[in-house]
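S.K.: Need a 3D model of the following:
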Amino acid sequence: MRIRYSMIIVLVAMLVSCKKNLDINTNPVAATSVSPDLLFNYALVAWSSNRTGGDSYIPLAFHVQNQASGGNYGWGASDVYDISPFSTGNTWRGYYATSGNNLKLAITQAEAAVPKNNNAAAQCKIVLAQMMYECTTIWGDIPFSESWNTTISYPKFDAQKDVLEGIIKLLDEAIAQIEAASPLKISSYDLLYKGDMAKWTKLANSLKFRTLMLMVDKDPTKASVIGEMLTAGGMIDNSNVNMLYPYLTESGKENPKFKILKRFAGSQNVFFFANTNVFNYMEPYDDPRIPVYFAPGPDADPDEYIAVESEAEADETTAVINIATLYKPDAPDLMFTYQEQLFFEAEAYARGLGVAANLTKADELYRKGITEALKYYGIGATAIANYLASMPSLTTAAKPLQEIYMQQWIDLMDRPLEAFTQWRRSGPEGSEFPVLTQPSGTPAGGFLRRWDYPQSAELIPNQNAPKVSPPFTTKLWFDL
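M.R.: Now for the predicted structure:
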């Protein structure tokens, strides 16, 4: 019988956590004059480490129900809505005191340089916009307009709608600032695109498009801008522009998910199991990603995959998340992908957001999205063709949006923050896709729809912070 593990987030958080409590405006140990290249690189490293490590990835994967904890057989039976203060605090500090502070300093120095390094400033603004998008989708109202201003000790909390408007403005500034012909930019320290400003422009446009898609249900005026962007193009249009943070097989440079298992489980996956909330949408179609996403349990037949509900007790036959693919040391951190862009475009055409509703066009984009999602994981042409043949056409499907949302949900299995946001935006409360059952052991009242604000990192030191954090069931502005 395999050893049973019951650990709490605080143990794993030590792998990739920040060390100290830091004010969100100033870091007392931060350098005041460092190359924008180095500041940008450090911000990327710290940001991705949090996204894929114990502070963010693990609690999100369990409470969003992308993955199952396995009960006492695996991670341990617990309340998956009880997010550790180490997770909330370190994630918050990462967005503000660590990565955010470095990016703002890099922007200031790039724009003050002679000659001005507009491309470096734009690269930093695009990453900062992405980070603040993530931050607001976790917490809702957050400091934004007054953040990183050394003359303001206690930044105000901006309403989520204003934060999202600010993110769009920041992306527009970055796009306008890019000078494609200029040799001044962050190149070797740019682990995403190596200074390819054409790719940075496409990314910025795609991030803007995604932000508009998040806002449009609460602010229908965004539909016209969505339509304009669909017509203009200029967004991510091939997989070579995927926003991927690279990890290596070299010791110390592996993906944090791998390092967690390496340190606490002898490089075996004994914590993360196949969740029925994903597997049950894949199995009826013999989804070729099943052996990529999952590995059979030690006592299961070689081709047998058995999933469990979120907090259910696993056993020796339960399928685990495949460490050879998703949790391998050099598995990249997927931050934005071509298939993600295609699914958003398919949804826009299916709903008629700023364009005439066109299910034929939506179906074309939907199938391209599925194809790209499968190709990303190395699925061959024949298997892709067979899978596509089993998919209903959006032109005749009873619920075409649900078909798109199902493919988004499957594609985001290993990206729990994005899956959390997608689930909340997929429909009014009670009609989201997929239909999720509240995990056993969680407090009564409904699903977790936001994290608590961190006490030590924000509520206590910031006089303008809310006195108490809203209940975890409180919907964010975009969440209908």
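
S.K.: got the domain boundaries for this structure?
M.R.: The chain is divided into the following domains under automatic domain parsing: 9-195+246-250+441-459, 273-326.

S.K.: can you tell which of those is closest to residue 408?
M.R.: Closest to residue 408 of these is domain 273-326 (C-beta to C-beta; 10.8 Å). C-beta coordinates here come from the backbone N, C-alpha and C atoms, glycine included.

S.K.: And the strands in this protein?
M.R.: With strands called from DSSP state E, the chain shows them at 67-68, 142-143, 157-158, 243-245, 273-274, 294-295, 320-321, 333-336.

S.K.: Kindly compare burial across those and name the winner.
M.R.: Counting by mean count of other C-beta atoms under 10 Å, strand 67-68 has the highest mean neighbour count of those, with a mean of 31.

S.K.: what's it packed up against?
M.R.: On a contact count with 3 or more C-beta pairs under 8 Å, 6 or more residues apart in numbering; DSSP states H and E, strand 67-68 meets strand 273-274.

S.K.: chain center to the strand it packs on, what's the gap?
M.R.: Its chain's C-alpha centre and that of strand 273-274 lie 19 Å apart, by C-alpha atoms, centre = their mean, to the nearest Å.

S.K.: I'd like the distance between residue 297 and residue 304.
M.R.: In this view, residue 297 and residue 304 are 8 Å apart by C-beta to C-beta, to the nearest Å.

S.K.: Which one of the domains of the chain has the poorest average confidence?
M.R.: Lowest mean pLDDT within these: domain 9-195+246-250+441-459, at a mean of 89.

S.K.: Dump the strands of the chain to a markdown table, plus distance to residue 50.
M.R.: Output for those, formatted as a markdown table (distance: least, C-beta to C-beta, whole Å):
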| stretch | distance to residue 50 |
| --- | --- |
| strand 67-68 | 18 |
| strand 142-143 | 16 |
| strand 157-158 | 21 |
| strand 243-245 | 11 |
| strand 273-274 | 23 |
| strand 294-295 | 25 |
| strand 320-321 | 19 |
| strand 333-336 | 10 |
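
S.K.: Ok, which of these comes nearest residue 218?
M.R.: The closest of these to residue 218 is strand 157-158. By C-beta to C-beta, the value is 15.6 Å.

S.K.: Contacts for the closest one, please.
M.R.: 141, 142, 143, 144, 145, 166, 464, 465, 466 (C-beta atoms under 8 Å, 6 or more residues apart in numbering).

S.K.: That strand pairs with which strands, and in what direction?
M.R.: Paired neighbours of strand 157-158 in the sheet (DSSP bridges): strand 142-143 (antiparallel).

S.K.: so how far is the strand it pairs with from its chain's centroid?
M.R.: 19 Å.

S.K.: try stretch 272-284
M.R.: 20 Å.

S.K.: Please apply the same query to stretch 438-448.
M.R.: 23 Å.

S.K.: and if you look at stretch 147-161?
M.R.: On C-alpha atoms, centre = their mean, the centre of stretch 147-161 falls 24 Å from that of its chain.

S.K.: And stretch 87-94, by the same measure?
M.R.: Offset of stretch 87-94 from its chain centre (C-alpha atoms, centre = their mean): 15 Å.

S.K.: List the buried residues in stretch 104-113.
M.R.: Across stretch 104-113, burial judged by 16 or more other C-beta atoms under 10 Å covers 104, 105, 106, 107, 108, 109, 110.

S.K.: and for residue 297 and residue 304, which residues touch both?
M.R.: Going by C-beta under 8 Å, 6+ apart, residues that sit against residue 297 and also against residue 304 are residue 317.

S.K.: With neighbour numbers in mind, choose between the two.
M.R.: With neighbours defined as other C-beta atoms under 10 Å, residue 297 and residue 304 compare such that residue 297 has more, 20 against 11.

S.K.: neighbours around residue 264, how many?
M.R.: Neighbour tally, residue 264, other C-beta under 10 Å: 17.

S.K.: how close does it get to residue 271?
M.R.: In this view, residue 264 and residue 271 are 8 Å apart by C-beta to C-beta.

S.K.: same check, this time on residue 239
M.R.: The value you get for residue 239 to residue 271, if C-beta to C-beta is used, is 30 Å.

S.K.: and residue 150, how many neighbours does it have?
M.R.: For residue 150, using other C-beta under 10 Å, the count is 8.
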